[in-house]
Structures are given as C-alpha cells and as structure tokens.
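Colleague: Structure for the following, please:
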Amino acid sequence: MRMQAANKTDNLSFTILWSPLAPITWFFPFIGHTGIANSQGVSSDFQGPYYVGDQGRMAFGPPTRSLKINIDNVNGGAERWDEAIEEANQVYRGRMHNICCDNCHSHVANALNRMPVQEFGISKWDMVKIAFLMFFRARFLSVGAVFQQFAPFTIIVLIIVLPIVLS
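Modeller: Numbering: from 1, shown residues only. The predicted structure is shown next:
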C-alpha cells in the first residue's frame, strides 16, 4: 500500500522536497534532507546505504519546504517524471550513502537529469544546485516549518552572542 502525500492540503506533485536534518540544520540552517515527489505527490528519498524510501515518508520527518518544477518541457510529461524517479531510485538502491559526495541531493539531481528537465536556468543538475535552490527558492509548507529550520539556529546564536555583547 502506498502512503499518501505528506500533507493532504498541499499539492506536492512534481516537487523537490526538503526537511531539516537535526542536529546539523540547527547549526547550519541551509543544510537539510531532500526528496522528490512523483506525479501523485508521493516522495522518494535516498535514506541511507542501499536504501531509498519511496512510500511517501521521508527519512527525517515530513517535508517542510517544497519547490515546484514545471514539467511542461519534459518529453513524456508526468509519465516520464515518474519513470525517471523510479530509475534514480533503482540506481541509489545500489549505492553507498556518503554525506558529502553521494547523498539525498545527488539522488534528486540524478532523477532530474534522467528526465531531463530544464528549470530555473539549470539543465545539468547536481547536489550544490539543489541545495541553493532549496534554500533560496523553495516555499515553506507552514509557519511552523520556518521555526523548524531557523529557531534552533537563532537560539544557538543568541546563546553565543548575548554573553559576548553583554560583557
């Protein structure tokens, strides 16, 4: 049985998804976990060595940000989008996870390159482009999502900066 999209009030189909990666996101709010949603809004994400979750449940909790991709220029449309995600899933089920070089961002980039899709002026996708786009262009799925990403960082900065300023 397939899981439904993470939040039924949001249409997450054809999106790149992002969720905080605690505790790393607490210190570096631009670092997080990514996945990609198929035409039905069900996410797939590279969760660890030789394992891709494709049932709609991301490894580190529900997505807090999403970036909609226009598939109008994808040859084959929604069917090709879904096929490319499944192809990337199969590739990453055979890969060791490496936090710095071959990770969830790479999995998403692999799927986008297989379609291929050109969006935001990008035609050759990689993990750095995915990270920048998610930080600067992705929308928050709720007000709470903003706090999940930035509140811990703000508290840590205040704990460090306030004593310095007040001394």
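Colleague: who's in contact with the helix or strand where Ala151 lies?
Modeller: Using DSSP states H and E, the element containing Ala151 is helix 143-166. Outside helix 143-166, the residues that touch it by Cβ atoms under 8 Å, 6 or more residues apart in numbering are 20, 22-23, 25-29, 32, 64-65, 140. For every residue, glycine as well, the C-beta is placed using N, CA and C.
Colleague: can you do 7 Å?
Modeller: 20, 25-27, 29, 64-65, 140 (Cβ atoms under 7 Å, 6 or more residues apart in numbering).
Colleague: what stretches of this structure score poorly on pLDDT?
Modeller: 1-10 (pLDDT under 70).
Colleague: All the strands of it, in order from the start?
Modeller: 15-20, 32-37, 43-48, 51-53, 65-68, 139-140 (DSSP state E).
Colleague: In CSV: these, plus distance to Phe147 and mean neighbour count.
Modeller: Formatted as CSV, these follow (distance: least, Cβ to Cβ, whole Å; neighbours: other Cβ atoms under 10 Å):
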stretch, distance to Phe147, mean neighbour count
strand 15-20, 10, 27
strand 32-37, 14, 28
strand 43-48, 22, 24
strand 51-53, 25, 18
strand 65-68, 13, 22
strand 139-140, 10, 13
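Colleague: can you redo those as TSV with distance to Val165?
Modeller: Putting those into TSV (distance: least, Cβ to Cβ, whole Å) gives the following:
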stretch	distance to Val165
strand 15-20	27
strand 32-37	29
strand 43-48	40
strand 51-53	44
strand 65-68	31
strand 139-140	29
